[in-house]
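Peer 1: using only what follows, build the 3D model:
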Amino acid sequence: MSGKSTSIPGPPSRPLPDLGCACATLRRAGRLVTRLYSEEMGDVIEPAQFALLSALERVPGASQTGLGAALGLDKSTLSRNLRLLQRKGWLEPAIGGEDQRQRGFRLTESGSRVLAETTPAWRRAQARLRASLPAGDWEGMFELIDRVSAAALAQ
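Peer 2: This next block holds a predicted model:
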């Protein structure tokens with residue numbers, strides 16, 4: 001354990017206990033950051049759904065395997081999320097790539113519209129989080145999380 005507490009930025013500041021566990025600490029941070037993004041994004045879309053739609057916007061026709069690897073999601077969680085987004089009419093199956101048997105997904109017109117409409121809220125959440133961090137911590141956060149992710153994959 002590091003023996004120190006961290007605090008949540010913004011009034012009122014509340015110390016968080018040192019959990020002494022990388023998994024528990026990262027999960028807590030993820031839940032708190034998700035809550036911040038949810039506050040900005042409202043009831044239209046959840047942050048996890050936004051991330052999935054954003055990934056498909058960047059790589060139309062991406063396979064379930066590729067999406068799972070990019071987002072760090074297990075197959076059952078990703079399948080559940082993909083089915084939900086299909087039911088909402090935001091994405092559809094797509095055959096693509098070099099292997100025509102490979103099933104991928106792409107945004108529908110409705111999915112593209114939802115993504116475009118919710119991007120300003122996502123940007124506000126990004127700005128809120130970034131503004132609450134000391135100078136240099138934003139970039140450092142991404143670098144550290146990339147190293148932690150790589151270390152977890154190497155095990």
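
Peer 1: in the chain, which segments are predicted with low confidence?
Peer 2: 1-14, 96-102 (pLDDT under 70).

Peer 1: where along it do the helices fall?
Peer 2: 22-41, 47-58, 64-71, 75-87, 109-131, 137-154 (DSSP state H).

Peer 1: make CSV from the ones you listed and add mean neighbour count to it.
Peer 2: In this view, the C-beta of every residue, glycine as well, is placed from N, C-alpha and C. As requested, the helices of the chain are exported to CSV (neighbours: other CB atoms under 10 Å):
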stretch, mean neighbour count
helix 22-41, 14
helix 47-58, 19
helix 64-71, 16
helix 75-87, 14
helix 109-131, 15
helix 137-154, 11
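
Peer 1: redo the ones you listed as JSON lines? Include distance to Ile95.
Peer 2: Shown next, in JSON lines, are the helices of the chain (distance: least, CB to CB, whole Å):
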{"stretch": "helix 22-41", "distance to Ile95": "31"}
{"stretch": "helix 47-58", "distance to Ile95": "15"}
{"stretch": "helix 64-71", "distance to Ile95": "13"}
{"stretch": "helix 75-87", "distance to Ile95": "15"}
{"stretch": "helix 109-131", "distance to Ile95": "18"}
{"stretch": "helix 137-154", "distance to Ile95": "29"}
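
Peer 1: Ser63 pairs with what?
Peer 2: Gly104 (DSSP bridges).

Peer 1: what about it, how many neighbours?
Peer 2: 17 (other CB atoms under 10 Å).

Peer 1: I'd guessed it sits against Gly104; true?
Peer 2: Yes - counting by CB atoms under 8 Å, Ser63 touches Gly104, with 4.8 Å between them.

Peer 1: tell me the phi and psi of Ser132?
Peer 2: The phi/psi pair for Ser132 (degrees, to the nearest 10) reads phi -90, psi 0.

Peer 1: for the one 4 residues further on, same thing?
Peer 2: When quoted as degrees, to the nearest 10, the phi and psi of Gly136 stand at phi 90, psi -20.

Peer 1: now do it: how many residues are near it, please.
Peer 2: For Gly136, using other CB under 10 Å, the count is 8.

Peer 1: quick one: it and Asp74, what's the gap?
Peer 2: Note on Gly136: its distance to Asp74, by CB to CB, to the nearest Å, is 33 Å.

Peer 1: and if you look at Ala22?
Peer 2: 19 Å.

Peer 1: ok, now which ones touch Thr39?
Peer 2: If you look again at residue 39, you'll see it is Glu, not Thr. Neighbour list for Glu39: Ala125 [criterion: CB atoms under 8 Å, 6 or more residues apart in numbering].
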